[in-house]
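> Next comes the sequence, and after it the predicted model I'd like to discuss.
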Amino acid sequence: MNRDKKRHKILEILSKQFLACEAGSERILGVKFEEITKYVGCDEKTLRELSSILYENKEIGYHDAHGVTGMYSKEAGVAAYSDRKYLRLAYKNKIDKVKDIIQIVIPIISLLIALAAIFFKVETFNRENEQKFKILEEKIKRLENKKSNKTRNVAQPPFQDIAGFSVAGRCGFTKKYYIGRANSAPLSSATS
């Protein structure tokens with residue numbers, strides 16, 4: 001249990017005794033240490049630690065009369081109990097802890113989201129570049145195939161037409177001579 005909640009429980013038992021004494025149903029103002037420790041659920045050392053702030057705030061006092069050695073509540077203690085002073089303090093402490101955790105967690109989550117966004121952007125960029133690279137490779141292969149097909153067509157061995165002349169295709173001359181059939185390839189001006 002929270003320390004402030006235990007302080008509230010101490011004030012609860014002492015305030016009830018104080019109000020009972022004022023109403024006349026009880027003659028003894030104080031409550032024994034043993035009863036308080038049993039009610040709060042702590043040992044005497046912890047009770048002293050918890051009650052030190054209550055003594056300091058003048059909300060309780062030390063009682064040693066009529067065979068009762070313990071503590072009693074003052075009017076300030078009854079007011080603190082009825083106002084739930086220490087319960088509100090415990091609640092405020094919890095809220096502060098949650099705020100602290102949130103102030104740590106939110107920047108970490110933001111950082112993780114930013115890193116994920118950068119990672120996905122880089123992955124998308126890489127995929128796009130890979131696709132562009134593949135397209136360029138395919139274009140290069142097609143161009144190389146076209147070039148090799150042209151060089152194959154030019155580098156074909158000469159063939160002879162019907163008249164027995166060697167024909168080598170285009171040889172760089174502007175005039176083309178055809179000998180033999182109409183479907184034959186152009187002849188160069190120099191024949192072998």
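Arrived safely, thanks for sending.

> Could you use CA atoms for every contact and neighbour count after this?
Noted.

> Could you pull up the contacting residues of the one residue sitting closest to the centre of the chain?
Geometric centre of the chain, nearest residue: residue 109, 2.9 Å, by Cα atoms, centre = their mean. Under the criterion of Cα atoms under 8 Å, 6 or more residues apart in numbering, residue 109 has no neighbours.

> Give me the local confidence score for it.
Residue 109 is assigned 95 on the pLDDT scale.

> Surely it forms part of a helix?
Yes. Judged by DSSP: H, G, I helix; E, B strand; the rest coil, residue 109 forms part of a helix.

> any idea how far it is from residue 33?
Residue 109 is 49 Å from residue 33, where distance means Cα to Cα, to the nearest Å.

> Which parts of this structure are helices?
3-23, 33-40, 44-56, 75-82, 85-154 (DSSP state H).

> nearest to residue 63, of those helices?
Residue 63 lies closest, by Cα to Cα, to one member of those: helix 33-40, at 9.8 Å.

> Kindly calculate the angle that that closest one makes with helix 44-56.
Helix 33-40 and helix 44-56 are oriented at 90 degrees to each other (axes from the mean of the first three to the mean of the last three Cα atoms, to 10 degrees).

> got the buried residues for helix 33-40?
Neighbour-count burial for helix 33-40 flags 33, 36-37, 40 (criterion: 16 or more other Cα atoms under 10 Å).

> okay if I get those residues as JSON lines plus distance to residue 3 and pLDDT?
Output for the buried residues of helix 33-40, formatted as JSON lines (distance: Cα to Cα, whole Å; pLDDT from 0 to 100):
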{"residue": "33", "distance to residue 3": "17", "pLDDT": "92"}
{"residue": "36", "distance to residue 3": "15", "pLDDT": "93"}
{"residue": "37", "distance to residue 3": "13", "pLDDT": "93"}
{"residue": "40", "distance to residue 3": "10", "pLDDT": "92"}
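
> Reformat these as TSV; add distance to residue 61.
Output for the buried residues of helix 33-40, formatted as TSV (distance: Cα to Cα, whole Å):
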residue	distance to residue 61
33	12
36	14
37	16
40	17
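
> any low-confidence regions in this structure?
Filtered on pLDDT under 70, the chain yields the residue ranges 1, 152-192.

> Would you mind giving the domain segments of this protein?
As given by automatic domain parsing, the domain ranges for the chain are 3-88, 154-192.

> starting at the chain centroid, how far to the first one?
What separates the centre of domain 3-88 from the centre of its chain is 47 Å, taken as Cα atoms, centre = their mean, to the nearest Å.

> Look at it and report the distance between its end residues.
Start to finish, the residues bounding domain 3-88 are 12 Å apart (Cα to Cα).

> so how far is stretch 143-150 from its chain's centroid?
Per Cα atoms, centre = their mean, the centroid offset for stretch 143-150 relative to its chain is 54 Å.

> Extract the C-alpha trace of it and format it as CSV.
Taking Å, rounded to 0.1, in the frame of the first residue of the first chain, the C-alpha atoms of stretch 143-150 are listed here in CSV:
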residue,chain,number,x,y,z
LEU,A,143,20.2,-2.6,-77.9
GLU,A,144,23.1,-5.1,-77.8
ASN,A,145,20.9,-7.7,-79.5
LYS,A,146,20.0,-5.1,-82.3
LYS,A,147,23.7,-4.2,-82.6
SER,A,148,24.8,-7.8,-82.8
ASN,A,149,22.0,-8.6,-85.3
LYS,A,150,23.3,-5.7,-87.5
